[in-house]
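Peer 1: Give me coordinates for this.
(one chain, ligands or ions: 1)
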Amino acid sequence: MAEPASALTFPPATAERRFTDAERAAVLANPGFGDHFTDFMAHARWTREGGWGGDEVIPYGPLALDPATAVLHYAQEIFEGLKAFRHADGSVWTFRPEKNAERMQASAVRLALPPLPTEDFLASLRAVVAADEPWVPVPTAGSEQSLYLRPFMFASEAFLGVRAAHTVDYYVIASPAGNYFPRGVQPLVVWVSDTYARAGQGGTGAAKCGGNYASSLLGKYEAAGNGADEVMFLDSETHTRIDELSGMNVFAITDDGRIITPTLTGSILPGVTRDSILRLAEDRGLAPSSEPLVFAEVLEQLGAGRIVEMFACGTAAVINPIGEFRFEGGAQTVGDGGSGAHTMALRTELTDIQYGRAEDRHGWLTRLV
Ligand SMILES: Cc1ncc(COP(=O)(O)O)c(C=O)c1O
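Peer 2: Got it, this is the predicted structure:
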């Protein structure tokens, strides 16, 4: 895809903070995940006539939308998710943001939205994190806190009719984050849905658009109804091959040192964490591969002890072991049901790079502040 020309600078915020130091400290003492938002947000608008412009950093707050705003009816919307990490010297970094920029451009193309140039995407992240710098948690020993960044873009023109909007708004909001799962890093119980799929061939599964998550919700409730933490979707045509979880990619590790993740078929989100693990695994002497993972075969290999570890991965939860699969009529433990050694070693290595505790030998970090 040709890179569109960049145009935006996001001048620094001029408004007052909306929270006092004491209020912010109270939130940072126990941030949870996705529950609290910072003082500022970045904004830009695209129009068919003028392209991208109007870049600004403004106080975080509600948006006033016309009831006919296209996104509310036709779901023309995409988003991204990445984190800002504070290092021991106080500096603030993010992880492979150009991959998120590229994925957002690909999502934009699929949803007939205007791709935002990588430089503009990076400028918007820098602007929000500069304005909200006090919100980037100082990680304490053993804690895993960061500032989660959520860029998103939606059809903001008010009209009824099925066509791409002529006005699009882009925002970046930020949310201080602790563990994604309230229980912390514990082996997940994963429900395998043969009722629902999140995406199909020719659809939007490889794009990060809100609609994919709306279609995953019933599967998540089905999982919860079966005592599971998460749902795993199979391919929509045959219901045999593993696609992914509602918000995470999947990996399996075999007893002969292979580490396998499903091939990107178009119905799977190409995760930045997935891509990074394929690289880190190779460095550890594991043999990485992407290939179709047929769930029935995975069950057989788990039963025979040939697949020894499985895990789920994504920006929010990083890497989380899978301890058990449940499905209609059965269940299967993964390994001994605990946290596998390779899984946890990969997790430690990835987070050590992100927090600046290990050498960034792949050049994955970008300084924000
Ligand atoms: C459906 C889905 N799959 C996979 C991922 C993992 O992607 P990443 O590692 O880029 O966060 C996410 C999270 O963004 C997701 O929402």
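Peer 1: Stretch 335-346: end-to-end distance?
Peer 2: With CA to CA, to the nearest Å as the measure, stretch 335-346 spans 17 Å from end to end.
Peer 1: Could I get the buried residue list for it?
Peer 2: Gly335, Ser339, Gly340, His342, Thr343, Met344, Leu346 (16 or more other CB atoms under 10 Å). Placement of C-beta: from N, CA and C, glycine included.
Peer 1: just those now: which is nearest Val308?
Peer 2: Distance to Val308, by CB to CB, is smallest for Gly335 among the buried residues of stretch 335-346, at 5.3 Å.
Peer 1: Can you report phi and psi for that closest one?
Peer 2: phi 60, psi -130 (degrees, to the nearest 10).
Peer 1: From the ligand, how far out is it?
Peer 2: 23 Å (CB to the nearest ligand atom, to the nearest Å).
Peer 1: With Ala358 instead?
Peer 2: Going from Ala358 to the ligand by CB to the nearest ligand atom gives 19 Å.
Peer 1: Just say helix, strand or coil for that residue.
Peer 2: Counting by DSSP: H, G, I helix; E, B strand; the rest coil, the backbone at Ala358 sits in coil.
Peer 1: Neighbours of it, how many?
Peer 2: 13 (other CB atoms under 10 Å).
Peer 1: Could I get the pLDDT score of it?
Peer 2: Per-residue pLDDT puts Ala358 at 96.
Peer 1: And the one 5 residues further on, by the same measure?
Peer 2: Looking at Gly363, its pLDDT reads 98.
Peer 1: cool, Pro292 as well?
Peer 2: Listed pLDDT for Pro292 reads 97.
Peer 1: Please give me every residue in contact with it.
Peer 2: Arg241, Pro262, Thr263, Thr265 (CB atoms under 8 Å, 6 or more residues apart in numbering).
Peer 1: what do you get if the cut-off is 7 Å, keeping everything else the same?
Peer 2: Listed by CB atoms under 7 Å, 6 or more residues apart in numbering, the contact set of Pro292 reads Arg241, Pro262, Thr263.
Peer 1: nearest to the ligand, of the residues you listed?
Peer 2: Nearest to the ligand among these is Pro262, at 10.9 Å by CB to the nearest ligand atom.
Peer 1: give me the number of residues near that closest one?
Peer 2: Per other CB under 10 Å, the neighbour tally for Pro262 reads 22.
Peer 1: My guess is it contacts Ile268. True?
Peer 2: Yes: using CB atoms under 7 Å, Pro262 makes contact with Ile268 at a distance of 6.1 Å.
Peer 1: gap between the residue lying farthest from the centre of the chain and Thr254?
Peer 2: Ranked by distance from the centre of the chain (CA atoms, centre = their mean), the top residue is Ala304, with 32.9 Å. According to CB to CB, to the nearest Å, Ala304 and Thr254 sit 11 Å apart.
Peer 1: so what's Ala84 up against?
Peer 2: So Ala84 contacts Val92, Thr94, Val129, Val136, Ser146, Leu147, Leu149, Leu368 (CB under 7 Å, 6+ apart).
Peer 1: just to revisit the earlier point, for the buried residues of stretch 335-346, which one is nearest the ligand?
Peer 2: Of all those, the ligand sits closest to Leu346, with 13.1 Å by CB to the nearest ligand atom.
Peer 1: overlap in contacts of Pro262 and Ile268?
Peer 2: Common contact partners of Pro262 and Ile268 (CB under 7 Å, 6+ apart): Asp243.
Peer 1: Can you classify the residue of the stretch 101-250 of the chain at minimum distance from the ligand by secondary structure?
Peer 2: When distances are taken as CB to the nearest ligand atom, the stretch 101-250 of the chain reaches nearest to the ligand at Gly247, 3.8 Å away. Classification of Gly247 by three-state DSSP places it in coil.
Peer 1: How about the residues of the protein by the ligand?
Peer 2: Near the ligand, the residues belonging to the chain are Gly81, Glu244, Gly247, Met248, Asn249, Leu269, Gly271, Val272, Thr273, Arg274, Gly314, Thr315 when assessed by CB under 6 Å from any ligand atom.
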